[in-house]
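*Asks:* fold the following, please.
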Amino acid sequence: MSDVKVFIGYPIEEPSEINFLTTLNDDLAQRQQDALVFANFFAGKTRQQIDFFVVTSVCACVVEVKSYKSPVFGEVNGTWELRKPDGTLIKSLGDRNPYHQALSAKYAMNDEMVNLSTKRALPPPQGSKGYLSAMESVVCLFPEIPPGSKLPSGDYRVSIHDYASFLEFLLKSTKNPGFTRADWIELAGGLRLREQGISQAKHPGRDKAIGLRQDYVNRFVDFYGKHLDPLVQTTMTINEESCTAESLKSLLPTEKSVQLIGPSGCGKTHMAKHSAIWAISKGYAPLFIAAKYFRDSFHDLLNKSILHLFPENTTGFLNTIRDSGQHLLVNVDGLNECALQRLGELLQETQGLILRHKATIIFTSQQPVELSGELAGPVVKLGYLTGEEKLEVLSAYSPAVGEKLKTMVGILRTPFEVCLLAESAVGLGTDFTTYTLFNAYARKCLSRRENSSLAFRILVSIGRGYG
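*Replies:* Down below sits the predicted model:
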């Protein structure tokens, strides 16, 4: 059985660092490795903030933890940058890159170790370099280095790893100054670190926030996903280039906003729901907002949007998502349905979610809207179905596709229309006429009051098609 002790300087607020600590603790225990872990503290002459310092029976290692969703580019020297898959710059990560942060942390720990050596009998430091050559220093990209990144492996001073390779590196390295476990624990005391359980290392309220967030996403999936029809790949473009639904998902980590546009019934909201439910597994908390309900107060609109999913008001919801370490994914559905005189205010408030809460926004609209500033982003277009796509959609909703359905589907244009056709055929049996199918379809269309104009257009098209 392993003995892993954790010493904390300050509560850990960064979600990726909490997840790193939890994962490292579990992995060390599984491999029956004894260890001491110092977390989130200040050290050295310059009071350098240090994420983690890990001591095993044979290795001492400084760890600078970073978590990026977008590809990261950089060298040992110079600025590191986050870029989109096409190479477009998202942002620079500051003049002091993670390699140099880890190096500074290594020097800071060296200061503390040299200072301790003057107070008790320890293996002596190596001249002016102290204990620098007797410990490792690592930049760990947790849990992985984003695909498409371009980073060096580091050098003898600092190495760069994803989590899996870091763990192997930690367990294989034998760099250490020869301190005993008691020596390291005394050093922790000198740094004013307290031995705590991992649950105590988290920021107060985090566990409660995680519980509330999990309840929220469970309700979200139950409400929006329980009866969600399958997603069938249809013709799509991103900035006029052909793409797939997977391409839309790949935009979420790198873009602040995305416009999903197309004619009524083409599946914009349907695709947005699928993307939202998928995004939950990637660390997002989704929120659906119907633009047509924006009247006087954006706060009231948000309250209305979460009323059936969350027990607190908007402020409590946003604080919970922040404290739980999740990213907010907001779908502003039906932007074209917002009153024209309120559209500017709606966009301003939505941009506020990006600036204050680091939200990602998906707009759905029948027509593209010219957006600027934080709201500017790629435009994903959905169009009318091809003949082959109509049959694929029909097959997804009605496995037993007869010739009469195939004949009628040729007149239709969108997934919504084809879905209604499949629903209309339910209950008609196999021996129905074109007339009974048309009659059932007409009733189905006209019963959907929220799509009355669309229903009228469909029926006119069908009437013309049948002469």
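
*Asks:* thought Lys256 was touching His357?
*Replies:* No - the pair Lys256 / His357 is not scored as a contact, 11.5 Å apart, by Cβ atoms under 8 Å. C-beta coordinates here come from the backbone N, C-alpha and C atoms, glycine included.

*Asks:* more neighbours: which of the two?
*Replies:* Using other Cβ atoms under 10 Å as the criterion, Lys256 and His357 rank with Lys256 on top: 19 against 14.

*Asks:* contacts only, for the more buried one.
*Replies:* Ile354, Thr360, Ile361, Glu374, Leu375, Ala376, Gly377 (Cβ atoms under 8 Å, 6 or more residues apart in numbering).

*Asks:* again, but for Asn313
*Replies:* Contacts of Asn313 (Cβ under 8 Å, 6+ apart): Asn303.

*Asks:* can you check Tyr99 too?
*Replies:* By Cβ under 8 Å, 6+ apart, Tyr99 lies in contact with Gly74, Val76, Asn77, Val139, Gly154, Val158, Ile160.

*Asks:* give me the pLDDT value at the nearest residue to the first one once chain neighbours are set aside.
*Replies:* When you say that, I think you mean Gly74. Among residues not flanking Gly74 along the chain, Trp80 sits closest, at 3.2 Å (Cβ to Cβ, 6 or more residues apart in numbering). What the model reports as pLDDT for Trp80 is 96.

*Asks:* repeat that for Gly265.
*Replies:* pLDDT for Gly265: 87.

*Asks:* heads up, I number from 137, so please use that
*Replies:* Got it, the first residue is 137 from now on, which makes the last one we talked about Gly401.

*Asks:* so what's the residue count around it?
*Replies:* For Gly401, the neighbour count with other Cβ under 10 Å is 26.

*Asks:* next one: Glu377
*Replies:* Neighbours of Glu377 (other Cβ under 10 Å): 9.

*Asks:* quick check on the residue nearest to Gly210: phi, psi?
*Replies:* Taking degrees, to the nearest 10, you get phi -90, psi 150 for the backbone angles of Trp216.

*Asks:* show me where the stretch 337-486 of the chain has helices.
*Replies:* Taking DSSP state H, counting those that start in this stretch to define them, one finds helices in the stretch 337-486 of the chain at 342-356, 381-387, 404-416, 434-442, 450-459, 476-493.

*Asks:* and the first one, what does it pack against?
*Replies:* Helix 342-356 makes packing contacts with helix 404-416, strand 420-426, helix 450-459 when contacts are defined by 3 or more Cβ pairs under 8 Å, 6 or more residues apart in numbering; DSSP states H and E.

*Asks:* try it again with 7 Å
*Replies:* Under the contact definition 3 or more Cβ pairs under 7 Å, 6 or more residues apart in numbering; DSSP states H and E, helix 342-356 sits against strand 420-426, helix 450-459.

*Asks:* possible to save the ones you listed as CSV with distance to Lys385?
*Replies:* CSV is the format used below for these (distance: least, Cβ to Cβ, whole Å):
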stretch, distance to Lys385
strand 420-426, 11
helix 450-459, 20
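
*Asks:* single out the most deeply packed of those.
*Replies:* With neighbours defined as mean count of other Cβ atoms under 10 Å, these peak in mean count at strand 420-426, which reaches a mean of 23.

*Asks:* mean confidence score for it?
*Replies:* The average of the pLDDT scores along strand 420-426 is 95.

*Asks:* partner strands of it, with direction?
*Replies:* strand 463-469 (parallel) (DSSP bridges).

*Asks:* other residues contacting the partner strand?
*Replies:* Strand 463-469 is contacted by residues 388, 405, 408, 412, 415, 419-427, 457, 486, 489, 493-500 when judged by Cβ atoms under 7 Å, 6 or more residues apart in numbering.

*Asks:* orientation of it relative to helix 476-493 in degrees?
*Replies:* 170 degrees (axes from the mean of the first three to the mean of the last three Cα atoms, to 10 degrees).

*Asks:* so which bits of strand 463-469 are buried?
*Replies:* Applying a neighbour-count criterion of 16 or more other Cβ atoms under 10 Å, one finds His463, Leu464, Leu465, Val466, Asn467, Val468, Asp469 buried in strand 463-469.

*Asks:* using CSV, write out the CA atom coordinates for it.
*Replies:* The C-alpha coordinates for strand 463-469 follow below in CSV (Å, rounded to 0.1, in the frame of the first residue of the first chain):
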residue,chain,number,x,y,z
HIS,A,463,-16.9,26.1,-19.8
LEU,A,464,-20.1,27.7,-20.7
LEU,A,465,-21.6,26.9,-24.2
VAL,A,466,-24.4,29.2,-25.0
ASN,A,467,-26.8,28.5,-28.0
VAL,A,468,-28.7,31.7,-29.0
ASP,A,469,-31.4,30.0,-31.1
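
*Asks:* still on that earlier bit, which one of the helices and strands packed on helix 342-356 lies nearest to Tyr204?
*Replies:* Closest approach to Tyr204 among the helices and strands packed on helix 342-356 (Cβ to Cβ): strand 420-426, 15.5 Å.

*Asks:* quick one: distance of the closest one to the chain centre.
*Replies:* Relative to its chain's centre, strand 420-426 lies at 13 Å (Cα atoms, centre = their mean, to the nearest Å).

*Asks:* how near is the closest residue to Val562 other than its chain neighbours to Ala561?
*Replies:* Setting aside the residues directly before and after it, Val562 is nearest to Ser534 in space (Cβ to Cβ, 6+ apart), at 7.8 Å. To Ala561, Ser534 is 6 Å away according to Cβ to Cβ, to the nearest Å.

*Asks:* repeat for Lys580
*Replies:* 10 Å.

*Asks:* burial measure for Glu376, as a count.
*Replies:* Here the number of neighbours of Glu376 (other Cβ under 10 Å) works out to 7.

*Asks:* per-residue confidence at it?
*Replies:* Listed pLDDT for Glu376 reads 82.

*Asks:* and for Phe574?
*Replies:* pLDDT, Phe574: 69.

*Asks:* need phi/psi at Thr192.
*Replies:* Backbone torsions for Thr192, taken as degrees, to the nearest 10, come to phi -100, psi -170.
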